[in-house]
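**Student:** The following comprises the amino acid sequence and a computationally predicted model.
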Amino acid sequence: MSGGSEFDIQGFKTKIEDGRLWVFEAGSEDLAFFEQHGEPAKQFTSIGTGPNGMTVKAASQEALDKYLSSYKK
């Protein structure tokens, strides 16, 4: 699952899974876990607030908030 998606921004890698946008800080342990094992048990979601109205998910509230405040809509 290497590479990201068209919604990557500086400092973040993104993955689209089941129509939802997963966001991870680049180089993070959360990204490595996701690439090896899939969705983490603990996840944070923001419904309909991402690019193109996508639901955005992350392994931490901090990463989710940082991505959403940095993404230029």
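**Tutor:** Received, thanks.
**Student:** And the helices in this structure?
**Tutor:** Here the chain has its helices, by DSSP state H, at 29-37, 61-70.
**Student:** Of all these, which one is nearest residue 47?
**Tutor:** helix 61-70 (11.6 Å; Cβ to Cβ). For glycine as for every other residue, the C-beta is placed from the backbone atoms N, C-alpha and C.
**Student:** Mind giving me the packing neighbours of the closest one?
**Tutor:** On a contact count with 3 or more Cβ pairs under 8 Å, 6 or more residues apart in numbering; DSSP states H and E, helix 61-70 meets strand 12-17, strand 20-25, strand 44-46, strand 56-58.
**Student:** Give me whichever of those strands is most buried.
**Tutor:** Across these, averaging neighbours per residue (mean count of other Cβ atoms under 10 Å) puts strand 56-58 on top, at a mean of 24.
**Student:** returning to that earlier point: distance to residue 48, mean pLDDT and mean neighbour count added to the helices of the chain, as CSV?
**Tutor:** Listed next are the helices of the chain as CSV, based on distance: least, Cβ to Cβ, whole Å; pLDDT from 0 to 100; neighbours: other Cβ atoms under 10 Å:
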stretch, distance to residue 48, mean pLDDT, mean neighbour count
helix 29-37, 22, 94, 14
helix 61-70, 11, 96, 15
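**Student:** do you know which of those helices lies nearest residue 10?
**Tutor:** Of all these, helix 61-70 comes closest under Cβ to Cβ, at 7.7 Å.
**Student:** Centre of the chain to the closest one, how far?
**Tutor:** 9 Å (Cα atoms, centre = their mean, to the nearest Å).
**Student:** Now do that helix: everything it contacts.
**Tutor:** 9-12, 14, 23-25, 28, 30, 44-46, 49-50, 56-58 (Cβ atoms under 8 Å, 6 or more residues apart in numbering).
**Student:** and if you look at stretch 47-60?
**Tutor:** 7, 16, 19-24, 30, 33-34, 40, 42-46, 64, 67-68, 71, 73.
**Student:** now the helices and strands packed on helix 61-70 as CSV including mean pLDDT?
**Tutor:** As requested, these are arranged in CSV below (pLDDT from 0 to 100):
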stretch, mean pLDDT
strand 12-17, 94
strand 20-25, 96
strand 44-46, 97
strand 56-58, 97
